[in-house]
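Undergrad: Mind looking at a prediction? Sequence and model below.
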Amino acid sequence: MKKQLSKVLALTLTAGLALSGCADSKKTETTAAPAGSAAPETPAVESQAGNSTYNNDGTIKIGGAYQLSGTNVFQGDIVKEGAMLAMKEINEKGGVLGRQLELVEEDAGETTQDTVTATTKLLERGDITAILGCLSSSYNIAVSEVIKEYQVPLFAMGSSANVWKENNDFMWQIRVTDNYSAKVMTKAAVENLGMKKPGLFYCTNSFGQGIADGVKTSLKEDYNIDPAGEVTFAVGETNYSALLTQLLASGCDGIIAVSDGDESSLIMKQVYSMRVDLPCIGSAAYGTIMNMENAGLDAAAGWYTVSDWSAELEMARSQAFIESWNMEYPDKPPLQQNLYSYDAVYLLAEAIEQAGSADPAAVKEALKGVKNYEGAMSVYTPDTNRSFATTQLLCINKEDGSVGIVESLKFR
Amino acid sequence: MLVSFLQLTASGLAVGMIYALMAVGLVLLVRAVGTMNFAQGDLLTLGAFVAYWLSVQLGLSLAGTVIGAILIFAIFGVLFMLTVFWPVRKSSWPQAITICTIGASTIIKNSMTLIWGSRALNIPPILPGSVQICGVYLEKQYFVIIGVAALIIWGVFLLFDKLYCGRIMQAAAQDKYAATIMGIPTFITIAVTFMIVMCIVGIGGYLVAPLFVVSTSLSRLQLRAFAGVVIGGFGNLKGAVIGSIAVGLIESYSSYVTTTYKDAVVFLLLLMVLVLKPSGLFGNRISDKA
């Protein structure tokens, strides 16, 4: 009897584990519109044909295909928080075309295949007007074919130039792309920080490789400089002291670092502990308050960063965002990454208004026509590569944890 | 060259000691219950989060954090045993416990995210600052890790080599039935083993967290600990310690040659050991001793 019970228990545990894995990847979290919504929710329809699917009295559904579980769940949370705040604000003012916005989420999971599955599941509903993608460009690139097939606009939160190189009319980028950022970073390294033999220290993912390639090209073409040393690391690397030792052995007179989240805080921390007395410039993550706090404000101070946003940005919408964020999320400071989805939602709302319709094809056409739209992070006008932001900031981390603006650059 | 060598040795040794702590825990569990614990990395991460909660969120002193952490780890160790191992200990399917540890890994990881959120957290080092040796600045935390880990490992060897209770635990691990007949309370010996393992791994998490960030990504370190256990000799405590330290040092030194493929170097070594000496470096020589 006990043996049979053990067998049953073991089988149940195994089945539970397998089902929870399946459940995670198929989890659908529908966030209902906030207070003020009078229209009943429209049931999902199988067919994508028909304007009535998108232009009835129900909510306008924006899909969210980002991480809801797993190691990168914090990236998904960042996108979700910004999007939900924007939707709440828009809905409180009456919504778009008299209809409330609704966020429909699917878990993009740990791998690009999970992201494709999640995006496909959203699109198969047949009522999604547009999709908010992941922070990491690798995941957005992975869903390009699916987006092309279903012809629903996707806002990629990443900045890799490889996204627009997909030549997908339905893939949009909210941020300045890496080909611009690389030039800004190079210019700052050489002209502001006086580097003549910079050392490149970058992550080998799409983002890191893209910017590093751009920096090397810009160093050569614009300044006839070759990097003194080049050290790469994989995503999730934790021990940088050995790698930094190798970079410093090249004799570089400055460090150009490109990486995301946790990596940036660890690098700043270990550069500081090794008492490296060289000018340093990093990608956007190096100027994010969360990463600065994890590194230690002393360690982060003095680092230059090429950022999309700073709390010191003197734009009315930016200050309004900060106020709204602090009311909604009083326990956590706003990150520039939160603004990607925040402004993306507002841009979508603007496009839907201009189109007079929530039909994905109409919204896509309306997005093309956006001009000088003032968001909280930047002023938006799409370029030929479907990248919206027109400004970027050269910033410096201060000892009090604030990020000071050294220079504001406008690209078009 | 000397600067690089010192830096690489210090960081490799420190990280290797963390792998050794995890590996010791793995071997103790293998010997006690006969299965690999695939939640070992998550237990290490839990140790880091508990230390964060006590030292940062509650603001306890170092002594308060350590005592509080050990108490919590000990209780959690028993809880872990009762929920993951005990219900399936007599299962006729040998992999049942292993599967349960995989499930436990998922539950622990997501529970930590639910409680502390998904953003990475920071915990200050036990000894802040760095010390200069031969022109190299080395973090004081490295020395804390090496010292404390060495002390813990020495304590484990002392327990099993010299102390009567350690011999009882070894006896129960080797043959539960015979131990029971001899009057050894196997429930208690297994519970104590789990408590010791949790304390070792949890303290390892507290030690390593200031070097990295407090996030669920810390659980990735368990792969290196597995490699250390296999290289040293499966089921052999001394081998596990030496194998893990070797893994840490090789990982560190190989980054001087290749940064992208340093993981490949470590696992290539693992493959070579498996091919040339499948029982591990110390597998046959001292397999019957702790």
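TA: Everything's here; your move.
Undergrad: Output the set of residues of the stretch 101-250 of chain B in proximity to chain A.
TA: Contact residues of the stretch 101-250 of chain B with respect to chain A, defined by Cβ under 8 Å from any Cβ of the partner chain, are listed as B:102-103, B:106, B:110, B:113, B:117-122, B:130, B:137, B:139, B:211-213, B:215-218, B:220-221. No exception for glycine: its C-beta is placed from N, CA and C like everyone else's.
Undergrad: hmm, which of those are the buried ones?
TA: The neighbour-count test (16 or more other Cβ atoms under 10 Å in any protein chain shown) applied to these identifies B:102-103, B:106, B:110, B:113, B:118-122, B:130, B:137, B:139, B:211-213, B:215-218, B:221 as buried.
Undergrad: show me what contacts the residue nearest to residue A:196 when sequence neighbours are not counted?
TA: If you skip the residues right next to it in sequence, residue A:196 has residue A:253 as its closest partner in space, 6.0 Å away by Cβ to Cβ, 6 or more residues apart in numbering or on different chains. Neighbour list for residue A:253: A:194-198, A:228, A:278-279 [criterion: Cβ atoms under 8 Å, 6 or more residues apart in numbering or on different chains].
Undergrad: so which helix or strand takes in the residue in the stretch 1-150 of chain A positioned nearest to chain B?
TA: Across the stretch 1-150 of chain A, the shortest distance to chain B (Cβ to the nearest Cβ) belongs to residue A:74, at 3.4 Å. Using DSSP states H and E, residue A:74 falls within helix A:73-92.
Undergrad: Counting by contacts, list what that helix packs against.
TA: Using 3 or more Cβ pairs under 8 Å, 6 or more residues apart in numbering or on different chains; DSSP states H and E, the elements in contact with helix A:73-92 are strand A:60-66, strand A:101-107, helix A:316-328, helix A:336-355.
Undergrad: from those, which stretch is densest packed?
TA: strand A:60-66 (a mean of 28; mean count of other Cβ atoms under 10 Å in any protein chain shown).
Undergrad: Sheet-wise, list the partners of it with their directions.
TA: Applying DSSP bridges, strand A:60-66 is found paired with strand A:101-107 (parallel), strand A:128-132 (parallel).
Undergrad: avg pLDDT for it?
TA: The predicted model assigns strand A:60-66 a mean pLDDT of 96.
Undergrad: and the angle for it with helix A:73-92?
TA: Using axes from the mean of the first three to the mean of the last three Cα atoms, to 10 degrees, the inter-axis angle of strand A:60-66 relative to helix A:73-92 is 170 degrees.
Undergrad: all strands of chain B, in order?
TA: In chain order, chain B shows strands spanning B:130-133, B:136-139, with DSSP state E as the criterion.
Undergrad: Please read off the pLDDT at the residue in chain B positioned nearest to chain A from the model.
TA: Using Cβ to the nearest Cβ, the single residue of chain B nearest to chain A is residue B:118, 3.4 Å away. Looking at residue B:118, its pLDDT reads 82.
Undergrad: from what I can see it touches residue A:73, true?
TA: Yes. Contact between residue B:118 and residue A:73 holds when scored by Cβ atoms under 8 Å: they sit 4.4 Å apart.
Undergrad: Output the below-cut-off pLDDT ranges for the chain.
TA: You didn't pick a chain, so chain A it is. Judged against pLDDT under 70, the low-scoring parts of chain A cover residues A:1-51.
Undergrad: looking at chain B here, not the other one
TA: When residues are selected by pLDDT under 70, those of chain B lie in B:284-290.
Undergrad: Point out the other helices and strands that the helix ranked longest in it packs with.
TA: What stands out as the longest helix in chain B, according to DSSP state H, is helix B:2-33. With contacts defined as 3+ Cβ pairs under 8 Å, 6+ apart, helix B:2-33 has these neighbours: helix A:241-248, helix B:40-52, strand B:136-139, helix B:140-161, helix B:164-174, helix B:186-208, helix B:222-232, helix B:237-254.
Undergrad: what packs against the last one?
TA: Read it as helix B:237-254. In this structure, helix B:237-254 makes packing contacts with helix B:2-33, helix B:140-161, helix B:222-232, helix B:262-276, judged by 3+ Cβ pairs under 8 Å, 6+ apart.
Undergrad: The same query, at a cut-off of 10 Å, please.
TA: Where contact means 3 or more Cβ pairs under 10 Å, 6 or more residues apart in numbering or on different chains; DSSP states H and E, helix B:237-254 is packed against helix A:241-248, helix B:2-33, helix B:140-161, helix B:222-232, helix B:262-276.
Undergrad: sorry, back to before: would you list the strands paired with strand A:60-66 in JSON lines and tack on distance to residue B:32?
TA: Output for these, formatted as JSON lines (distance: least, Cβ to Cβ, whole Å):
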{"stretch": "strand A:101-107", "distance to residue B:32": "37"}
{"stretch": "strand A:128-132", "distance to residue B:32": "48"}
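Undergrad: Can you list the residue ranges for strands in the stretch 151-300 of chain A?
TA: If DSSP state E, counting those that start in this stretch is used as the criterion, the strands of the stretch 151-300 of chain A fall at A:154-156, A:171-173, A:198-203, A:229-233, A:254-258, A:280-282.
Undergrad: Just send these back as a markdown table, with mean neighbour count and distance to residue B:153 too.
TA: Compiled in a markdown table, the strands of the stretch 151-300 of chain A are given as follows (neighbours: other Cβ atoms under 10 Å in any protein chain shown; distance: least, Cβ to Cβ, whole Å):
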| stretch | mean neighbour count | distance to residue B:153 |
| --- | --- | --- |
| strand A:154-156 | 30 | 48 |
| strand A:171-173 | 26 | 51 |
| strand A:198-203 | 26 | 34 |
| strand A:229-233 | 20 | 29 |
| strand A:254-258 | 27 | 36 |
| strand A:280-282 | 26 | 38 |
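Undergrad: To residue B:233, which of those lies closest?
TA: strand A:229-233 (31.3 Å; Cβ to Cβ).
Undergrad: Tell me what angle that closest one forms with helix B:262-276.
TA: With the same axes, to 10 degrees as the basis, strand A:229-233 and helix B:262-276 are set at 60 degrees to each other.
Undergrad: ok, how many other residues are close to the closest residue to residue A:300 other than its chain neighbours?
TA: Excluding its sequence neighbours, the residue lying closest to residue A:300 (Cβ to Cβ, 6+ apart) is residue A:292, at 3.8 Å. A count of nearby residues for residue A:292, using other Cβ atoms under 10 Å in any protein chain shown, gives 26.
Undergrad: Over to the one 3 residues further on?
TA: As a burial measure, residue A:295 scores 25 neighbours (other Cβ under 10 Å).
Undergrad: returning to what we had before: give me the buried entries from the contacts of residue A:253.
TA: So, by 16+ other Cβ under 10 Å, the buried ones in these are A:195, A:198, A:228, A:279.
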